[in-house]
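Asks: this is the structure alone, sequence omitted:
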């Protein structure tokens, strides 16, 4: 009777050990990073726009809920059918990207505390539903700048 217990215990142990192998990372937390960030030089004393790409290398989606900056009030806007309006939280899919680009979803800076000049950098802090905040620097580019890649 004792001999039968050893193979069963060994098989059970092997099954538990192998059960962890090959497991996907779909439950891994969001791993957020920012790329292709920039701000066209503002043409107004009170408003500016910002663009960037958020990449999530993790297995869990998250949501961009708000953005803060010492440059002024920042909201996330979306353009639909040629009409711009404030957006609610925007999804950052697991193993995916959220692109904030001209003509689509983007950052809107209002009530500027100063008018940034070309060559400067504007700091922002991105806030999420589940992850900690992510800081990013937006280099100020010419007012007509359009990236060749990244958006």
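Replies: Nice, I can see it. Since this is a predicted model, take the numbers as computed values, not measurements.
Asks: might one say that residue 139 is in contact with residue 36?
Replies: No: no contact is recorded between residue 139 and residue 36 when judged using C-beta atoms under 8 Å, the distance being 10.6 Å. C-beta here means a position set from N, CA and C on the backbone, and glycine is covered the same way.
Asks: any stretches of the protein with poor pLDDT?
Replies: Under the criterion pLDDT under 70, the flagged ranges of the chain are 1-26, 149-151.
Asks: switch the cut-off to 50
Replies: In the prediction, the chain carries residues with pLDDT under 50 at positions 1, 5-23, 25.
Asks: the residue nearest to the spatial centre of it bridge partners, please.
Replies: Closest to where the C-alpha atoms of the chain average out (C-alpha atoms, centre = their mean) is residue 54, at 3.1 Å. Each beta-bridge partner of residue 54 is listed here: residue 34, residue 98, as defined by DSSP bridges.
Asks: check contacts around it.
Replies: With contacts defined as C-beta atoms under 8 Å, 6 or more residues apart in numbering, residue 54 is in contact with 32, 33, 34, 64, 92, 97, 98, 99, 100, 126, 134.
Asks: now with 7 Å, please.
Replies: Contacts here follow C-beta atoms under 7 Å, 6 or more residues apart in numbering; on that basis residue 54 touches 32, 34, 64, 92, 97, 98.
Asks: and if you look at residue 147?
Replies: The contact partners of residue 147, taken as C-beta under 7 Å, 6+ apart, are 36, 38.
Asks: how far away is it from residue 46?
Replies: In this structure, residue 147 lies at 25 Å from residue 46, with C-beta to C-beta, to the nearest Å as the measure.
Asks: this structure: helices as residue ranges?
Replies: Assigned by DSSP state H, the helices in the chain fall at 2-20.
Asks: now do the end-to-end distance for stretch 30-45.
Replies: Across its full length, stretch 30-45 reaches 37 Å between end residues, using C-alpha to C-alpha, to the nearest Å.
Asks: buried residues, it. List them.
Replies: Of the residues in stretch 30-45, those with enough neighbours to count as buried (16 or more other C-beta atoms under 10 Å) are 30, 31, 32, 34, 36, 37, 38, 39, 40, 41, 42.
Asks: show me what contacts the second one?
Replies: Right, residue 31. Residues in contact with residue 31, defined by C-beta under 7 Å, 6+ apart, are 56, 57, 58.
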